[in-house]
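Sequence and predicted structure, then a few things I'm wondering about:
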Amino acid sequence: MQNWQPTATLEAIKARAALLQQLRAFFAARGVIEVETPIMARYGVTDVNLEAITATFNATEYYLQTSPEYAMKRLLAQHRCSMFQISKAFRNDESGRLHNPEFTILEWYRVGFDHFALMREVDELLQLVLHTAPARQITYQDLFMEFLQVDPLVATSAELQQCCIANGLDISAPSSMEHDDWLSLLLTHCIEPKLQGRSPWMIYDYPRSQAALARINPDNPTVAQRFEVYINGIELANGYHELGCHQQHRDRFNADNQQRQLQQKPQRGIDEYLLGALQAGLPDCAGVALGFDRLLLLQLGAADLAAVINFPINVA
């Protein structure tokens, strides 16, 4: 008989319940309302680095949402108030120590905030929940200069490849690597493991090519108003000063699909509901998605998500 037991202990289950209460109290004290949006929807994401899991209803293909972002932005366009959601999300990705295809996400949007104001609020939340020291904020450019002595905004792909080799990375197929692939490889394999200490690392001003749905910095158009948060080498959160222009969204979605075609990945339909909401008008806001399961893992000092998820994919 297969092992039917949950992988999380009762203590971890109680800690999850307590953390949910703590987060809800955190947002209630700030007047941020809790919302709920569909897990299954007509559209998925075009992002080349994300693959949705599909489901069929009445012979129509739907997508299990990779995050509640698009639906929450539709709510923002209509009601124009700060909101948060704790929900399930799904990604057709690897499973392992820090990944599970079904996971819990905390996502929130703050009307009137830019990404710096939101970084401060994320820092306040982490100090409350994890008792961390105040976060260290550093630009993506300065991060690479500090750890690898290479400028990611001006270095060529050949120079980044040489940096990989100098840092002991074995590259088996360099011809298939693009500029951002080199940057990602250096970040994940050479920098992330070094982001240790009592303070979270908040990295901001990502290259324009990695803007996703963040605004481009008007004072420095080589970078996007985007940030990521790391604690002890673990990527925890990803935030933007949100792009509001519907046409720029359409252009970025189309560019994603062009890149998907080049990489021989299936193209994805563009979410016309979202574009309609953006055309009606998104309030000036910043938003962030934070991995709840990883937050709980860090709080408990666990080594594997299986310790904080009752039934990970291998026993689900």
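Here it is on my side, so go on. Numbers count the residues shown, from 1 in each chain.

quick one: contacts for the residue most central in space within the chain?
The residue lying closest to the centre of the chain (CA atoms, centre = their mean) is residue 238, at 4.0 Å. Going by CB atoms under 8 Å, 6 or more residues apart in numbering, residue 238 touches 226, 227, 228, 229, 288, 289. From N, CA and C alone the C-beta is placed, and that goes for glycine too.

closest to residue 8 among those residues?
residue 289 (22.6 Å; CB to CB).

Okay, buried residues for the strand or helix carrying the closest one please.
Secondary structure assignment for residue 289, by DSSP states H and E: strand 285-291. Across strand 285-291, burial judged by 16 or more other CB atoms under 10 Å covers 285, 286, 287, 288, 289, 290, 291.

quick one: low-confidence ranges for the chain?
The model of the chain has pLDDT under 70 over residues 173-175.

what does the longest helix along it rub up against?
For the chain, the longest helix by residue count, based on DSSP state H, is helix 10-28. Contacts to helix 10-28, defined as CB under 8 Å, 6+ apart, come from residues 6, 8, 33-34, 84, 86, 106, 108, 125, 128-129, 292, 295-296, 299-300, 302, 307-308, 310.

Same check on stretch 57-69?
Against stretch 57-69 from outside (CB under 8 Å, 6+ apart): 37-45, 47, 50, 52-56, 71, 85, 87, 89-91, 105, 107, 213, 287, 289.

Out of the contacts of residue 238, which comes closest to residue 185?
Using CB to CB, those come closest to residue 185 at residue 228, 15.9 Å.

can you give me the offset of the one helix or strand the closest one maps to from its chain's centre?
Secondary structure from DSSP H and E places residue 228 in strand 223-231. The chain centre lies 9 Å from the centre of strand 223-231; the measure is CA atoms, centre = their mean, to the nearest Å.

For that strand, name the packing helices and strands.
helix 115-130, strand 201-207, strand 234-241 (3 or more CB pairs under 8 Å, 6 or more residues apart in numbering; DSSP states H and E).

Correct me if wrong, but residue 105 is in a helix.
No: judged by DSSP: H, G, I helix; E, B strand; the rest coil, residue 105 forms no part of a helix; its state is strand.

Identify the residues contacting the nearest residue to it once chain neighbours are set aside.
Distances taken as CB to CB, 6 or more residues apart in numbering place residue 89 nearest to residue 105, at 4.4 Å, with adjacent residues excluded. Applying CB under 8 Å, 6+ apart, one finds that residue 89 lies in contact with 39, 65, 66, 67, 68, 102, 103, 104, 105.

Turn the residues you listed into TSV, columns for neighbour count and distance to residue 147.
Output for the contacts of residue 89, formatted as TSV (neighbours: other CB atoms under 10 Å; distance: CB to CB, whole Å):
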residue	neighbour count	distance to residue 147
39	17	38
65	25	34
66	21	29
67	20	29
68	26	33
102	18	33
103	20	28
104	19	31
105	22	28
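
Kindly reformat the residues you listed as a markdown table and extend each row with distance to residue 160.
Listed next are these as a markdown table, based on distance: CB to CB, whole Å:
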| residue | distance to residue 160 |
| --- | --- |
| 39 | 38 |
| 65 | 33 |
| 66 | 28 |
| 67 | 29 |
| 68 | 34 |
| 102 | 34 |
| 103 | 31 |
| 104 | 35 |
| 105 | 31 |
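
ok, now how distant is residue 252 from residue 68?
Separation of residue 252 from residue 68 (CB to CB, to the nearest Å): 19 Å.
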